[in-house]
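Chemist: test case, fold it:
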Amino acid sequence: QVHLVESGGGLVQAGDSLTLSCAAAGHTVSGYQAMGWFRQASGKEREFVANIKWAAGTTAYADSVKGRFTISKDNPKNTAFLQMDDLKPEDAGRYYCALGFTWKVDAGEYEWWGQGTQVTVSS
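Modeler: Coordinates of the predicted model:
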């Protein structure tokens, strides 16, 4: 059993920055391949944002966030981060972290999910 807890969301203005955190508890993350961030805006499907290979640190990003978002990790703390810069109104939504055995962008490939943290961006 893995328990993921996201934090760091909030209300910001366009152009501002936020850093989201995802802390894993209950099981060491090292047994999994990757941790990912996904988001879901109201009335839309959940979409891939970024992921990171837990061992190698290899990262991948959705085209819409490349150059503005940075995913990172702290292995000893079983925590991943999503630094979000130059936020846009279209970045708003509920952000979820997920843990999986494969390094994929498909949400269905991830085993464990957090409850999410809300990000609101005003224009």
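
Chemist: for Ser7, list each beta-bridge partner.
Modeler: Beta bridges link Ser7 to Ser21, judged by DSSP bridges.

Chemist: helix, strand, or coil at the residue most central in space within the chain?
Modeler: Nearest residue to the geometric centre of the chain (C-alpha atoms, centre = their mean): Trp37, 2.3 Å. Recorded secondary structure, Trp37: strand (DSSP: H, G, I helix; E, B strand; the rest coil).

Chemist: what of Pro76?
Modeler: Reducing the assignment at Pro76 to three states with three-state DSSP gives helix.

Chemist: and it, what's its pLDDT?
Modeler: Looking at Pro76, its pLDDT reads 89.

Chemist: would you mind measuring from it to Cys97?
Modeler: 17 Å (C-beta to C-beta, to the nearest Å). No exception for glycine: its C-beta is placed from N, CA and C like everyone else's.

Chemist: which one of the two has more residues nearby?
Modeler: Cys97 (30 against 6; other C-beta atoms under 10 Å).

Chemist: appreciated, that's everything.
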